[in-house]
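*Asks:* sequence first, then the predicted structure, then my questions.
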Amino acid sequence: AVADEAGAPTKSGEGKVTQPAERKGLIDTQPPRGTRDFPPEDMRLRNWLFGEFAAVSAAFGFEQFDAPVLESEELFVRKAGEEITEQLYNFEDKGGRRVALRPELTPSLARLVLQRGKQLPLPAKWFAIGQCWRYERMTRGRRREHYQWNMDIVGVPGVEAEAELLAAIVMFFERVGLTAADVGIKVSNRKVLQSVLTQYGVPPESFAKVCVIVDKLDKLPRDKVEEELRALGVAASTIDGVLGALQLRDLDALGGLLGPDSEAVAELRKLWELAAGYGFQDWLVFDPSVVRGLAYYTGTVFEARDRAGALRAICGGGRYDKLLATFGAPDNTPMAGFGFGDAVIVELLKERGLLPAPGHRVDDVVVPLDGGLRPAAAGIATALRRGGRSVDLVLEAKKMKWAFKHAEKLGASRLVLVGASEWERGAVVVKDLAAFEQKEMTVAELTGGAAPAPAA
Ligand SMILES: Nc1ccc(Br)nc1
């Protein structure tokens, strides 16, 4: 259809006339509920944050991947009562397919690993920064989208993988100015809960659901948690045993409870030993009450929180050795990773006065002082740009005074005036806005020798 001014009927190539929907005034300029716009000033902060994520990922030699925001719903259908699946942003598409906006990146990673099969050299160290969604009734007015940085290691069965992931998280925190006094990383291991549940005769198939419920302890009152555990058939005495174990705060006491051959204790001790090697032991806190709310974790679990505990988890992760098996894979591939959201970290940095405020600026402003010199000005701008300068080329006829103010507003280093008399000598006037100097320069001098594009 031929575009027409808003409100007029449009005529398609075949002559079909379409009446516009009656426009009652201005469209709603707000983004959909629970979503955010990123106008330039916010986009600059987001680019800074994602730049830090990517820089840490590069420092650890990880490769970036991405996958569609839209995935088959089956990737996320798990029967463990997780909030993340109860709030799935799912729907049926026009082809009748059950699809969902991804609530997390890990299942997409798992799908790509399965897709590659034996062709994927292991260990694979992959990272992603992607938008993730949830459909929450707006009763709580929370956001429905956020961006998550994920790092995952595929194919390493030992806690060396988790140590590397924790080191990456700590490097990020240090890069943005946070210290171990600001943030603690609570570490535990699901095998702690598994051992206790086994001691009390809870069947393994209830294990994931018990973890999801126990994870709610820092969100729901204890009696609510006990109610949900009882509904699962977990006896009251078991609940007391489980909750008792979660109060422990040192590995020796844990060893006393679980016995000297406990895998959980051995893995946690190994992790602390590695952390000492990396130099981030001060960031770690052993806390068996940390189970994380994702059903698929099988071993180490961790979450970073502000030491005051005033904010929600900054990031979280762990080991999930059985995820591929739940997707039908014949054998297990060990995997470990974390997710790091873009919201809590910004709140924390704001609180600590550590949030940068990156401004917008350009290097040069180029102004033709009359219309006939516009092609020449465009050629100069091109040469400067090819030389790596960021250039704002003034696109309309403007007076010098306006150009000067415009250059100041853009934080430009130089204002390049293309005027008739100088141009006849192949020169331009350059105002150095930092040194408050003005001088005539040939184009070659200005562009460091790069010839301007041929003026029309
Ligand atoms: N999983 C998830 C997705 C979106 C937001 Br906002 N929070 C959590």
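*Replies:* Yep, that arrived.

*Asks:* please make it C-alpha for all contacts and neighbour counts, starting now.
*Replies:* Will do.

*Asks:* pLDDT at the nearest residue to Asp66 once chain neighbours are set aside, what is it?
*Replies:* The shortest distance from Asp66 to any non-neighbouring residue, by CA to CA, 6 or more residues apart in numbering, is to Ala128 (5.9 Å). For Ala128, the pLDDT comes out at 99.

*Asks:* show the subsequent helix or strand relative to the helix or strand Ala128 falls within.
*Replies:* Element membership for Ala128 (DSSP states H and E) is strand 124-133. Following strand 124-133 in sequence order, the next helix or strand is strand 145-154 (DSSP H and E).

*Asks:* just how off-centre is that next one within its chain?
*Replies:* The chain centre lies 6 Å from the centre of strand 145-154; the measure is CA atoms, centre = their mean, to the nearest Å.

*Asks:* from here on, call the first residue 36.
*Replies:* Shifting the count to begin at 36 puts that one at strand 180-189.

*Asks:* relative to strand 159-168, how tilted is it?
*Replies:* With axes from the mean of the first three to the mean of the last three CA atoms, to 10 degrees defining the directions, strand 180-189 sits at 160 degrees from strand 159-168.

*Asks:* which elements pack onto strand 180-189?
*Replies:* For strand 180-189, the packing partners by 3 or more CA pairs under 8 Å, 6 or more residues apart in numbering; DSSP states H and E come out as helix 75-94, strand 159-168, helix 195-210, strand 370-376.

*Asks:* correct me if wrong: the residue nearest to Asp101 contacts Ser143.
*Replies:* No - using CA atoms under 8 Å, Ala163 is not in contact with Ser143; the gap is 10.5 Å.

*Asks:* comparing these two, which residue is more hemmed in?
*Replies:* It is Ala163, of Ala163 and Ser143, that has more neighbours when counted by other CA atoms under 10 Å, with 24 against 19.

*Asks:* bridging residues for that one?
*Replies:* Judged by DSSP bridges, the bridge partners of Ala163 are Asn185.

*Asks:* ok so, going back, which of the helices and strands packed on strand 180-189 sits most buried?
*Replies:* strand 370-376 (a mean of 24; mean count of other CA atoms under 10 Å).

*Asks:* so which bits of the chain are right by the ligand?
*Replies:* 119, 138-139, 167-169, 178-181 (CA under 6 Å from any ligand atom).

*Asks:* now with 8 Å, please.
*Replies:* Applying CA under 8 Å from any ligand atom, we find that the chain lies next to the ligand at 69, 119, 137-139, 166-170, 177-182, 376.

*Asks:* what's the PyMOL line that selects buried ones from the residues you listed?
*Replies:* PyMOL command restricting these to the buried ones, with burial defined by 16 or more other CA atoms under 10 Å:
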select buried, resi 69+119+137+138+139+166+167+168+169+170+178+179+180+181+182+376
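
*Asks:* confidence score at the residue positioned nearest the centre of the chain?
*Replies:* Centroid-nearest residue in the chain: Gln183, 2.8 Å away (criterion: CA atoms, centre = their mean). Looking at Gln183, its pLDDT reads 98.

*Asks:* which residues of the stretch 86-235 of the chain score low on pLDDT?
*Replies:* Counting by pLDDT under 70, the stretch 86-235 of the chain contains low-confidence ranges at 173.

*Asks:* so who does Thr141 touch?
*Replies:* Asn185 (CA atoms under 8 Å, 6 or more residues apart in numbering).

*Asks:* next one: phi and psi at Gly190?
*Replies:* phi 100, psi 10 (degrees, to the nearest 10).

*Asks:* pull the number of nearby residues for it.
*Replies:* Residues near Gly190, counting by other CA under 10 Å: 19.

*Asks:* wait, it sits on Asn367?
*Replies:* No - with contact defined as CA under 8 Å, Gly190 does not reach Asn367; the gap is 9.4 Å.

*Asks:* and for the two, which residues touch both?
*Replies:* In contact with both Gly190 and Asn367: no residue, using CA under 8 Å, 6+ apart.

*Asks:* now Leu292. Nearest residue, chain neighbours left out?
*Replies:* That would be Ala280: by CA to CA, 6+ apart, it lies 7.8 Å from Leu292.

*Asks:* and whichever strand or helix holds the one you found, what other elements does it pack with?
*Replies:* Per DSSP H and E, Ala280 falls inside helix 271-282. On a contact count with 3+ CA pairs under 8 Å, 6+ apart, helix 271-282 meets helix 225-234, helix 257-266.

*Asks:* thinking again about what came up before, include distance to Val397 when you put the helices and strands packed on strand 180-189 into a markdown table, please.
*Replies:* Listed next are the helices and strands packed on strand 180-189 as a markdown table, based on distance: least, CA to CA, whole Å:
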| stretch | distance to Val397 |
| --- | --- |
| helix 75-94 | 14 |
| strand 159-168 | 27 |
| helix 195-210 | 26 |
| strand 370-376 | 31 |
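
*Asks:* for Glu475, find the nearest of the ones you listed.
*Replies:* helix 75-94 (34.7 Å; CA to CA).
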